[in-house]
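*Asks:* For reference, the sequence and a predicted model appear below.
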Amino acid sequence: MGFSNKAYWLSWFITGLILNVVTSFLIIVSCYALQFELFTDTPFVVMFALFVFFGISLLGLAFVISTACSTLTSATTAAYTILLLCFLMEIFMTNPFLTLTTYVKE
C-alpha cells in the first residue's frame with residue numbers, strides 16, 4: 001500500500017483506540033442509565049480508565065496475534081483459544097467450590 005510499517009501500525013492503533021473509547025463510553029453510559037450498582041457506586045473516570053486500558057491491552061494482544069499468525073484461520077483459532085483459556089481460568093478463580101481455600105481448615 002506504500003505505507004511504512006510505523007504508519008501502518010500507528011493507523012491501526014489510532015483506529016482501535018477511537019473505537020475503544022467510543023465503545024467504552026457507550027457501555028458505561030448505558031450501565032449508568034440502567035442503574036447498575038457497580039457503575040453508580042464507582043466514579044465515572046475510574047470505570048472509563050478501566051475499560052479503555054483493558055481495550056488497549058486487547059488491542060496489543062490482537063497485534064501480537066496478527067503478526068504471529070500468517071492466515072486468518074490460524075489467527076481466529078489462536079484468539080478463540082486464548083479467550084477460552086482465560087474464560088476457564090476466570091471460572092476456576094472465582095468459583096469458591098473449585099479453589100483450595102475452601103478445603104483448608106484453619
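*Replies:* Sure thing, it's come through. Numbers count the residues shown, from 1 in each chain.
*Asks:* List the buried residues of stretch 51-60.
*Replies:* Using 16 or more other Cβ atoms under 10 Å as the test for burial, stretch 51-60 gives F51, V52, G55, L59. Using the backbone N, CA and C atoms, a C-beta is placed for each residue, glycine as well.
*Asks:* Just the ones in helices from the residues you listed, please.
*Replies:* Of the buried residues of stretch 51-60, the ones assigned to helices by DSSP state H are F51, V52, G55, L59.
*Asks:* The nearest residue to the third one once chain neighbours are set aside: which element?
*Replies:* The spatial neighbour of G55 that comes closest, neighbours along the chain excluded (Cβ to Cβ, 6 or more residues apart in numbering), is N20 at 3.5 Å. Remark: N20 resides in helix 5-33, with elements defined by DSSP states H and E.
*Asks:* how about that helix: buried residues?
*Replies:* Neighbour-count burial for helix 5-33 flags G16, N20, S24, I28, C31 (criterion: 16+ other Cβ under 10 Å).
*Asks:* Looks like the second one contacts S57 (just checking).
*Replies:* Same thing as N20. No. In this structure, N20 is not within contact of S57 by Cβ atoms under 8 Å, at 10.2 Å.
*Asks:* Now flag whichever of the ones in helices among the buried residues of stretch 51-60 is closest to F39.
*Replies:* F51 (10.6 Å; Cβ to Cβ).
*Asks:* where's T77, which helix or strand?
*Replies:* helix 72-94.
*Asks:* Quick one: list the elements packing against that helix.
*Replies:* Identification of packing neighbours for helix 72-94 by 3 or more Cβ pairs under 8 Å, 6 or more residues apart in numbering; DSSP states H and E yields helix 44-68.
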